[in-house]
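Asker: here's my sequence, what's the structure:
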Amino acid sequence: MGQLTLSETRLPLFILFSGFEFCFFIFAFKRW
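Answerer: Numbers count the residues shown, from 1 in each chain. Have a look, this model is predicted:
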């Protein structure tokens, strides 16, 4: 059950980061 491949670990992290960046962009846009 061990090692994850690079893409398997990178993909959720990328989705999480892009989602956070999107929320931050919406928040900054609404403040303006």
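Asker: tell me the phi and psi of Phe27?
Answerer: phi -60, psi -40 (degrees, to the nearest 10).
Asker: what about it, how many neighbours?
Answerer: 9 (other Cβ atoms under 10 Å). Where C-beta positions appear, they are placed from N, C-alpha and C, glycine not excepted.
Asker: okay, it and Glu8: tell me how far apart.
Answerer: 30 Å (Cβ to Cβ, to the nearest Å).
Asker: do Ala28 as well
Answerer: For Ala28, the distance to Glu8 equals 32 Å [Cβ to Cβ].
Asker: low-confidence stretches in this protein?
Answerer: Residues of the chain meeting the criterion pLDDT under 70: 1-2, 4-7, 9.
Asker: all helices of it, in order?
Answerer: Here the chain has its helices, by DSSP state H, at 6-31.
Asker: quick one: contacts for Glu8?
Answerer: With contacts defined as Cβ atoms under 8 Å, 6 or more residues apart in numbering, Glu8 is in contact with no residue.
Asker: distance of it relative to Phe17?
Answerer: For Glu8, the distance to Phe17 equals 16 Å [Cβ to Cβ].
Asker: residue contacts, Phe27?
Answerer: Counting by Cβ under 8 Å, 6+ apart, Phe27 has no contacts.
Asker: quickly note the distance from it to Pro12.
Answerer: From Phe27 across to Pro12, the span is 22 Å (Cβ to Cβ).
Asker: do the same with Phe22
Answerer: From Phe22 to Pro12 the distance is 15 Å (Cβ to Cβ).
Asker: what of Gln3?
Answerer: For Gln3, the distance to Pro12 equals 16 Å [Cβ to Cβ].
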